[in-house]
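> no sequence on this one, just coordinates:
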């Protein structure tokens, strides 16, 4: 009977830790090396030489492949081996699940470069000055708002220069990914 009383606090502690753990979304930039439609996975070789296997699930969003995928009804929405992508994913128990895949490069998301002048997380906007001196304000996807603090703080603030990858939706430019130059 006493041993059960010792197990109860341990069980409660483990439960609290599990509930407190949130799915943290990370991102990697690389090239698709392999797709597996049976396992619903893609293997991405990152720009730093690592490899990740990402699982596609029903809610995995794909951006930047709409034109290519006009007739495609597969889970990959036209993504194929050799596609340059940024994968936003969560990791749980050693398994990486793609939450969103942004196809970049030729035929993918649109690209703009400029110098950051303002990030408004509350309004989910990023304002920057383009090479021709014009100020442009873009909406940011939710994960881009979270990345704004990390990416801009780790390099872009020195020069303020970024490359922005975006889509156009209902007349608004929506940033999905950006990186410091």
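It's in. Everything quoted here is computed from the prediction, not taken from an experiment.

> Going by C-alpha atoms from here, please, whenever you check contacts or count neighbours.
Noted.

> Give me the residue ranges of the protein where confidence is low.
Where the chain drops to pLDDT under 70, the residues are 1-24, 65-77, 145-159.

> so where do the helices sit in it?
Counting by DSSP state H, the chain has helices at residues 2-20, 142-151, 157-159.

> Now do stretch 42-55: distance from first to last residue.
End-to-end distance of stretch 42-55 (CA to CA, to the nearest Å): 7 Å.

> and that stretch, how far out from the chain's middle?
14 Å (CA atoms, centre = their mean, to the nearest Å).

> Give me the residues contacting it.
Identification of contacts with stretch 42-55 by CA atoms under 8 Å, 6 or more residues apart in numbering yields 28-36, 39-41, 56, 89, 95-98.

> Buried subset of the residues you listed, written for ChimeraX?
Selecting only the buried entries of the contacts of stretch 42-55 in ChimeraX, with 16 or more other CA atoms under 10 Å as the criterion:
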select :28,29,30,31,32,33,34,35,41,56,89,96,97,98
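
> Got phi/psi on residue 109?
Backbone torsions of residue 109, given as degrees, to the nearest 10, read phi -60, psi 150.

> Who are the contact partners of it?
With contact set as CA under 8 Å, 6+ apart, residue 109 has these partners: 63, 64, 65, 102, 103, 165, 166, 167.

> If we use 10 Å, what do you get?
Counting by CA atoms under 10 Å, 6 or more residues apart in numbering, residue 109 makes contact with 63-66, 85, 102-103, 164-168, 175-177.

> From residue 84, how far out is residue 29?
Counting by CA to CA, the gap from residue 29 to residue 84 is 8 Å.

> Now for those two: what residues contact both?
44, 45, 46, 47, 102, 103, 104.

> Return the members of the residues you listed classed as buried.
Among the shared contacts of residue 29 and residue 84, those classed as buried by neighbour count (16+ other CA under 10 Å) are 44, 45, 46, 102, 103, 104.

> Now, these that are in strands?
Counting by DSSP state E, these place 44, 45, 46, 102, 103, 104 in strands.

> Show me where this protein has its strands.
26-36, 41-46, 51-55, 61-63, 84-92, 95-104, 110-120, 125-130, 135-140, 161-169, 172-180.
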